[in-house]
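A.B. asks: the following comprises the amino acid sequence and a computationally predicted model.
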Amino acid sequence: MQGATAAVERVFREEYGRLVASLVRRFRDIDLAEEAAGEALVVALEKWPDSGVPPNPGGWLMTTASNRAIDRIRRENRRDAKEQAALVYLDDTPHEPTGPVEDDRLRLMFICCHPALAPEARIALTLRLLGGLTVVEIAQAFLVPETTMAQRITRAKKKIAVAKVPFRVPEAADLPDRLASVLAVLFLVFNEGYLATGDGDPVRAELTGEAIRLTRVLRRLLPEEPEVMGLLALMLLIEARREARVRDGQLVPLGEQDRAGWDRAEITEGHGLVRECLAINRPGRYQILAAVNAVHTDAPEASETDWSQVVTLYDQLTRLDPSPIVALNRAVAVAELDGPTVALALVDRLPLAGYHAWHAVRADLLRRLGRTAEAKESYDAAIAATQNSAERAYLRRRRGELV
């Protein structure tokens, strides 16, 4: 029974974004769509373990959720509105034209990333509705408390309702203003798959795979946009290492991975895209991050990594994105060039005390400096803040090695 329940939940995660987006388009009500989708999951959990997953689970969920939504409308509306509610279900008006974005999910991302909303709000709302991410997972991505993120999503929904923001199909002229938010959504979905939140699978290949698929579609739509190329290259160069990232339930850091297990085809494609970006010479955040990963995947062994080039790339990225996360990653590279003392001074200045990776980096630097008691404290803090089971197991092992 437990295995069957897990299978139902996996199918629902895969279909959730499409399901909610379709319901929003049909009923023009975000809260109703989410409630109906949740009720469809409950019905699936009750029936599928006995009857089996249907041949078309997405269609089954859509039919069930639509019926639940219709029932709710009928209960809440007055008698003279019942006929109108039924017509929603039987609406035979022609579909809206798809516009320049033909892929359903990608088009809905552009629809949700409306410029009337603040960038962080539109990204968070799109992740919730279409990315299939929970509020906890989205909060983790933004490094904010769960309550803060829940309030942010609620405010975005209210603004849509009050301002009557139209969920219309974007035209070609709408794409540039929404592209940055769509790229951010795709990258955050990929990151959740790359290092999943919670005690389930530490890597969610269905999320990384879908993010790569949609970015390929986006590249065909905008073939001259270097940041789209850069994001696709970045995803491929990270995804190429997926099979080597977890061993015996523990995360394997980049320097310890078996490079023979990397996907050379994805690395070759990623390197080719990085070269295309360099030829265009309009650097952006994703292009530079892709170049960093190109340096790592170009080294036959970890000891042959060109750390000076990595630091130079992070210096360039800092000018575009002077965030503490970028500074933390730069400090890791600085430690390989100038030693842990210099790097620790950089890390200690960063306002990232609630971020598990900050504690993990500090723990490693303190360990290398022989400051064992402090390293143990930092490992404990990192373990407490880590949401990924494989990463937590790795950190526990590293702490246990300290004497």
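C.D. replies: Looks like it came in fine.
A.B. asks: residue 227 and residue 283 touch, don't they?
C.D. replies: No. Between residue 227 and residue 283 there is no contact under CB atoms under 8 Å: 9.3 Å. Every C-beta, even on glycine, is put in place using the N, C-alpha and C of the backbone.
A.B. asks: quick one, strands of the chain?
C.D. replies: For the chain, the strands defined by DSSP state E cover 246-247, 250-251.
A.B. asks: so residue 237 sits right up against residue 293, yeah?
C.D. replies: Yes. Assessed by CB under 8 Å, residue 237 is found in contact with residue 293 at 3.9 Å.
A.B. asks: now do the shared contacts for those two.
C.D. replies: Common contact partners of residue 237 and residue 293 (CB atoms under 8 Å, 6 or more residues apart in numbering): residue 270.
A.B. asks: more neighbours: which of these two?
C.D. replies: residue 237 (28 against 25; other CB atoms under 10 Å).
A.B. asks: any regions of the stretch 1-150 of the chain where pLDDT drops low?
C.D. replies: Within the stretch 1-150 of the chain, the segments meeting pLDDT under 70 span 1-8, 77-98, 130-132.
A.B. asks: so for residue 22, which of the strands of the chain sits nearest?
C.D. replies: Closest to residue 22 of the strands of the chain is strand 246-247 (CB to CB; 34.0 Å).
A.B. asks: rounded mean pLDDT for that closest one, please.
C.D. replies: Rounded to a whole number, the mean pLDDT of strand 246-247 is 92.
A.B. asks: residues making contact with it?
C.D. replies: So strand 246-247 is contacted by 202, 203, 252, 390 (CB under 8 Å, 6+ apart).
A.B. asks: quick one: closest of the strands of the chain to residue 25.
C.D. replies: Among the strands of the chain, the nearest to residue 25 by CB to CB is strand 246-247 (37.7 Å).
A.B. asks: residues in contact with stretch 232-240?
C.D. replies: By CB under 8 Å, 6+ apart, stretch 232-240 touches 187, 190, 194, 208, 211-212, 215-216, 219, 262-264, 266-267, 269-271, 273-274, 277, 286-287, 289-290, 293-294, 296-297.
A.B. asks: if any of the residues you listed are buried, put those into a PyMOL selection.
C.D. replies: The PyMOL command for the buried members of the contacts of stretch 232-240 (criterion: 16 or more other CB atoms under 10 Å) is given here:
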select buried, resi 187+190+194+208+211+212+215+219+262+263+266+267+269+270+271+273+274+277+286+287+289+290+293+294+296+297
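A.B. asks: closest one to residue 366 out of the contacts of strand 246-247, please.
C.D. replies: residue 252 (21.5 Å).
A.B. asks: for the closest one, list the residues it contacts.
C.D. replies: Counting by CB under 8 Å, 6+ apart, residue 252 touches 244, 245, 246, 394.
A.B. asks: quick check, pLDDT for residue 153.
C.D. replies: Residue 153 carries a pLDDT value of 78.
A.B. asks: that one reaches residue 125, doesn't it?
C.D. replies: Yes. Under the criterion of CB under 8 Å, residue 153 makes contact with residue 125 at 5.7 Å.
A.B. asks: more neighbours: those two, which one.
C.D. replies: residue 125 (26 against 20).
A.B. asks: what about the more buried one, distance to residue 117?
C.D. replies: Counting by CB to CB, to the nearest Å, the gap from residue 125 to residue 117 is 7 Å.
A.B. asks: who touches both of these two?
C.D. replies: residue 156.
A.B. asks: which residues touch residue 140?
C.D. replies: Counting by CB under 8 Å, 6+ apart, residue 140 makes contact with 197, 387.
A.B. asks: mind checking how far it is from residue 215?
C.D. replies: Taken as CB to CB, the span from residue 140 to residue 215 is 22 Å.
A.B. asks: can you check residue 395 too?
C.D. replies: The spacing between residue 395 and residue 215, counted by CB to CB, is 31 Å.
A.B. asks: what do you get for residue 180?
C.D. replies: On the measure of CB to CB, residue 180 and residue 215 end up 14 Å apart.
A.B. asks: narrow the contacts of strand 246-247 to those in helices?
C.D. replies: residue 390 (DSSP state H).
A.B. asks: any chance of the contacts of strand 246-247 in CSV, plus distance to residue 357 and pLDDT?
C.D. replies: As requested, these are exported to CSV (distance: CB to CB, whole Å; pLDDT from 0 to 100):
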residue, distance to residue 357, pLDDT
202, 15, 86
203, 17, 84
252, 16, 95
390, 14, 92
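A.B. asks: tell me which of the contacts of strand 246-247 is nearest to residue 341?
C.D. replies: residue 252 (26.7 Å).
A.B. asks: now residue 148: closest residue in space that isn't a chain neighbour?
C.D. replies: residue 139 (6.9 Å; CB to CB, 6 or more residues apart in numbering).
A.B. asks: surely that neighbour touches residue 145?
C.D. replies: Yes. Using CB under 8 Å, residue 139 is in contact with residue 145, at 6.3 Å.
A.B. asks: quick one, which of these two is more surrounded?
C.D. replies: Higher neighbour count among residue 139 and residue 145: residue 139, with 21 against 11, using other CB under 10 Å.
A.B. asks: how near is that one to residue 128?
C.D. replies: Computed as CB to CB, the residue 139 to residue 128 distance reads 11 Å.
A.B. asks: now residue 199, what are its backbone angles?
C.D. replies: phi -100, psi 10 (degrees, to the nearest 10).
A.B. asks: follow-up on the earlier one: in TSV, list the contacts of residue 252 along with neighbour count.
C.D. replies: Listed next are these as TSV, based on neighbours: other CB atoms under 10 Å:
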residue	neighbour count
244	17
245	20
246	19
394	24
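A.B. asks: with these in mind, which one is nearest to residue 113?
C.D. replies: residue 245 (29.9 Å).
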